[in-house]
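1. predicted model follows, preceded by the sequence.
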Amino acid sequence: MKRKATPVSRRAKNEVNKKAIVWAGSILAAIVILMAVLLIINR
């Protein structure tokens with residue numbers, strides 16, 4: 001029988017997920033800012 005995840009491991013997973021979301025968001029934001037800067041420079 002498989003044991004259910006303990007609250008500690010669940011918390012750890014949530015921390016990892018939050019970090020992943022923050023990383024993805026910051027990378028997307030950086031790309032958007034870079035595109036905007038390039039568009040402004042090209043004009």
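-> Good, I have the coordinates.
2. how many neighbours does residue 29 have?
-> Residue 29 has 10 neighbouring residues, counting by other C-beta atoms under 10 Å. Where you see a C-beta, it was placed from the backbone N, CA and C, and this is true even at glycine.
3. please report the distance of it from residue 9.
-> 30 Å (C-beta to C-beta, to the nearest Å).
4. and the helices in this structure, which stretches?
-> Remark: helices assigned in the chain by DSSP state H are 7-42.
5. where does pLDDT dip in it?
-> Along the chain, the model assigns pLDDT under 70 to residues 1-8, 10.
6. just want the most central residue of it.
-> Centroid-nearest residue in the chain, with C-alpha atoms, centre = their mean: residue 21, separated by 2.4 Å.
7. quick one: contacts for residue 17?
-> Residues counted as contacts of residue 17 (C-beta atoms under 8 Å, 6 or more residues apart in numbering): none.
8. from residue 24, how far out is it?
-> 11 Å.
9. next: residue 40.
-> Where residue 24 is concerned, residue 40 sits at a distance of 25 Å (C-beta to C-beta).
10. one step back: what sits in contact with each of residue 17 and residue 24?
-> Common neighbours of residue 17 and residue 24 (criterion: C-beta under 8 Å, 6+ apart): none identified.
11. next, count neighbours for residue 39.
-> Using other C-beta under 10 Å, residue 39 has 9 neighbouring residues.
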